Structures are given as structure tokens and as C-alpha cells.
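Asker: Okay, sequence plus prediction incoming.
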Amino acid sequence: MSRPIAAVLLFMTLLAGAFAQEIRKTLRAGDQIIVTLGTKTPTTVDTFVESDGRVHLPRIGGVYVAGMTVGDAEHKIRAAYKKIYKDPIVSLYVKKPLSEVVYVIGTRAPMGSIEIQPDMDLRSVLGKAQLPDDADKIMITVFRRGVAIAEVDPQKLLQSSNEEWNGPMKPEDVVSIQPRPFARVWVTGNVGRPGEVRIDARRNVYEAVAAAGGVTKVISEQTFQEADFDIVVRSKRGVERFSAVAPSTQQLPLVEDGATITVELSLVTVTVIGEVNSPGRHYVSRSADLSEMVGAAGGVKPTGTLSEAILVRGDSVTRVNLGTPQPGQEGLRNLVQFGDVVYVPVNQKTFNVLGRATVPGTYLMADERVYRASDALAAAKGPLARFSSDRRMVIARFDDKGKLSLIKFNMDEFYKRGKKEANPEIRPGDTLFVAPNDEFSLSQAAAVLTGLFSLNRIIRP
């Protein structure tokens, strides 16, 4: 090679080094440099900054220059040579700086380095890394100075999703491409495709259900809402139950390898029969009580009563009061169980209105209502017209021992002076006599009631 051409190449090399020097102001291990040592006979040394940060030169050995500017390195080398030469001349140029690169490692991508470009982002790095076709089966982790700074879904990133981290990249960043960890779970119950599901281990149980075809909302030709179902997860963590509607604010439970995920109705199947508007099988919440069963059956007919309902549960048959709670039991709840049967019987609670009433007879007493003499009189349309001014009343009542007693009162004291005692409560089995004769006695009441009870036996055996 002629000297002019060699001089041109040397100049171009030095120019390239100077340009690189402008981009990166300091030296570092791996840089290729040219050091010219001049006294009477100049010497050119083509060498590298070693991994320990030193450059090794004739007669003076190693000089540490990593992290220094070119000027500072020249000054340090010149000072070292002054111990040997009186006025040494030292020039240093960067022939080829070590490229600033991003390293790509992993079992699912070719290992290597990618020279970093201005404003390079992760998407650009992956474009140069030749990702495998099955990008859904890999995961990407970005490390910076040995610390993981991002975990990225490559599919979402390559689809320009703004949800995924995309840089910018910095020199010496490491992009790790590894197989995505999968979990194998079994999804059963009310789903479109029950069976084994292989899913990313970082996914949650709701995504596992979706992978199995989602929640099937039709059971026995009846359509339910998604909120009517639960997701039951059985895993090493134990048994966990979640609503089939994913919460928007809580951290969602992740799948666990080997788990069984079952989608089942959160409702309980019960049966209500008797004096209700829609007898038959119904679905109620697991947290419902027995009275809500009756509500699911359309409520009680006017002819029914809740105070003497019958509960069939398993092998037991129990009489329960589903009406007004008894004193001291207001806070108690009788929760339903799967398969419960409730029978609402015909209302047998009645009172009688006899004597000089417009419409004498026997009247039903509705649940959860307190009846008084004025209510009984109103049910019988009041006294006969010719006795409308006679407000004398008598209640015939049997006590717990079967003994008959009479309660006499004048309702004028209630209507005119508001006396509560003149409008007593009517209890089941009571008989209100309207405007009886002055001499009305126990024997007369007993005779009338005996005839009434005999008539009831004939009508209702």
C-alpha cells in the first residue's frame, strides 16, 4: 500500500475516532484507540482499553484511562512518560469506540447484541431480534443494571398497545426472552367448553373461565344473570369462592397449576307449595331466609298464613312462624338450605261477628295485622240500621284452658272520648256480639256458640 493511501486511511480512521469521541465524551473498556508517542522517532500503538480500564503501553505498562476524556487520558499518559523522556509528545485518538448495545438473551431468541440507535424503544429491539412465530408463548423481561424494570406481553406490544412498557432503551439494557410459564387447570360446571385448560400462569381465574367458553347462563330452559353464579376454586390454597362478575377495584385471583375451577349457581333450589301465588320450584340466594322463599313464590294468597308454615328439611318436619317475629327473635334469621320445602297452609285464624250486625259471619284474620273491635264491626258492615245508635258490645273468648269469658264494653266511650279499653283487641277464635240484650249472659253466649261450632263442623269437617 502506498504511503499517500495509507495516510488517507489513517486520517479517515482518526476522523471517525474523533467523531465517535464527540458522541461519547469518555473512554471505556473495549474502545480501540491509537496512541502516538513522539520523541525523536514517533511510535504509533494500536491497542484497546482493557476490561480493567487500563491501556498497556511500551515501557510504562498499564495506565488507567476508563471514564476519562481523551484530553485527560493524554495528560495522564504524558505524565507517565515524563519519568522516562524529557519532553514526550503524546496523542490519543479513538479508532473504534465500543458500540453502545442492548443485549438480547433467552432460550426463545438468538443471543446477541443490537447496536443502540437514538430514540430506540423496545418495539424496535424486538423487531431486530427475530422473535419466534408463537409470540403468545413467550414472555419478555427488561433488565437495567441487573434490576428487572419491566415485564412485557410481546403480542400486545407488537400490536402497538399503549398498556405495555416500550422504553426508551439505554446502553447495556438486557432483554430476556423466555418461555411463558403456563398453568394447567380443569374448568367444570356451567361453562361452554368444560375440561382441561392450558393458560398463562400470570392470568386470573376469570380468564381461565373465559378460555373454557365463559359462563353458561341457561339451566333447564331458564336464563340467569352472570351475577347468579359463583366461581369455586380448589387448589393448594384451599377452597375459595368468588362472584362470577369480576370486581373492578380488587386484585384478581391468579390461576394455580393443577387447580380445579367450577362455575356453579350461587342460588339455592327450594320448593314452596300451599297457599302461595306461584307454587313450585324456585331459586333464591344462599343468604336468603325462609320468608324470602315465599317471596320468590309470589307471596301468600289471602287465604294463606305464614304463622303456621311447615318446613320440610331432610328427614325433619317443623312448624315455623314466617310472619311477624316473636318478641326477642327479631334479629334471628332462618337461612335456607338446598332442597328445603315450605308448605304455606290455609289460614285458620278467624273471628266471628254475631248479634245485631248487618252481615254477621266468620272472617279471616290476615297475618301481621292487629284486629280490634272496631275492625270486626267494620268487617260486618256495622250494626243493623235500627240498632245503629246501640254501641254495646260483648266479646266471647275462650282462654288457654277452654274456659269461656265475656268482655263487655260500650264503643261510644271509644268513639266519643278515645278510651282504648272500649276498643279491645280481637284474637283468633273470638266472637263479637253486636248490641246484645241487657241480660246477655255466659249461658246465652255458650248456647249461640255451640250452634255456631256445630254448623262449622258440617260445613268444614
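Answerer: Cool, the structure landed. Residues are numbered from 1 along each chain as shown.

Asker: what about the strands in the stretch 351-461 of the chain?
Answerer: 361-364, 371-372, 392-398, 404-410, 425-426, 431-434 (DSSP state E, counting those that start in this stretch).

Asker: what lines up beside the fifth one in the sheet?
Answerer: Just to be clear, that refers to strand 425-426. strand 371-372 (antiparallel) (DSSP bridges).

Asker: for the partner strand, what is the average pLDDT?
Answerer: Mean pLDDT, computed over strand 371-372, is 94.

Asker: With stretch 72-88 instead?
Answerer: For stretch 72-88, the per-residue pLDDT averages 91.

Asker: from the chain's centre, how far out does the strand or helix carrying T269 sit?
Answerer: Element membership of T269 [criterion: DSSP states H and E] is strand 267-274. Centroid separation for strand 267-274 versus its chain: 28 Å, with CA atoms, centre = their mean, to the nearest Å.

Asker: Show the subsequent helix or strand relative to that strand.
Answerer: Assignment by DSSP H and E places the next element after strand 267-274 at strand 280-285.

Asker: so how far is that next one off the chain centroid?
Answerer: On the basis of CA atoms, centre = their mean, strand 280-285 sits 25 Å off its chain's mean C-alpha point.

Asker: What is the strand holding T269 packed up against?
Answerer: strand 280-285, helix 290-296, strand 341-344 (3 or more CB pairs under 8 Å, 6 or more residues apart in numbering; DSSP states H and E). For every residue, glycine as well, the C-beta is placed using N, CA and C.

Asker: you'd agree I77 is in a helix?
Answerer: Yes: according to DSSP: H, G, I helix; E, B strand; the rest coil, I77 belongs to a helix.

Asker: and it, how far is that from I84?
Answerer: Counting by CB to CB, to the nearest Å, the gap between I77 and I84 amounts to 12 Å.

Asker: anything in contact with each of the two?
Answerer: Common neighbours of I77 and I84 (criterion: CB atoms under 8 Å, 6 or more residues apart in numbering): I60.

Asker: So for these two, which sits in the more crowded spot?
Answerer: I77 (21 against 11; other CB atoms under 10 Å).

Asker: Residues contacting stretch 349-357, please?
Answerer: 305, 307, 359-365, 371, 376-377, 379-384, 387, 390, 426-436, 448, 452.

Asker: CA-only coordinates of that stretch in CSV, if you can.
Answerer: Only the C-alpha atoms of stretch 349-357 are listed here, as CSV (Å, rounded to 0.1, in the frame of the first residue of the first chain):
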residue,chain,number,x,y,z
LYS,A,349,-107.4,-17.8,62.1
THR,A,350,-110.8,-16.3,62.2
PHE,A,351,-113.2,-14.3,64.4
ASN,A,352,-117.0,-14.2,64.4
VAL,A,353,-119.4,-11.3,64.4
LEU,A,354,-122.9,-12.2,65.6
GLY,A,355,-125.9,-10.5,67.1
ARG,A,356,-127.4,-7.4,65.5
ALA,A,357,-124.7,-6.9,62.8
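
Asker: so how far is it off the chain centroid?
Answerer: Taking mean C-alpha positions (CA atoms, centre = their mean), stretch 349-357 and its chain are 59 Å apart.

Asker: what's the answer for stretch 201-219, then?
Answerer: With CA atoms, centre = their mean, you get 13 Å for stretch 201-219.

Asker: what's the answer for stretch 401-414, then?
Answerer: Averaged over its C-alpha atoms, stretch 401-414 has a centre that lies 62 Å from its chain's centre (CA atoms, centre = their mean).

Asker: quick revisit: parallel or antiparallel, list what pairs with the strand holding T269.
Answerer: By DSSP bridges, strand 267-274 pairs with strand 280-285 (antiparallel), strand 341-344 (parallel).

Asker: CA atoms only: put it into PDB for me.
Answerer: Taking Å, rounded to 0.1, in the frame of the first residue of the first chain, the C-alpha atoms of strand 267-274 are listed here in PDB:
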ATOM      1  CA  LEU A 267     -78.600 -19.700  44.200                       C
ATOM      2  CA  VAL A 268     -80.300 -22.500  46.100                       C
ATOM      3  CA  THR A 269     -83.100 -24.600  44.700                       C
ATOM      4  CA  VAL A 270     -86.100 -24.700  47.000                       C
ATOM      5  CA  THR A 271     -89.800 -25.700  46.700                       C
ATOM      6  CA  VAL A 272     -92.800 -23.700  48.000                       C
ATOM      7  CA  ILE A 273     -96.300 -25.200  48.000                       C
ATOM      8  CA  GLY A 274     -99.700 -24.400  49.500                       C
END
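
Asker: Perfect, I'm done here.
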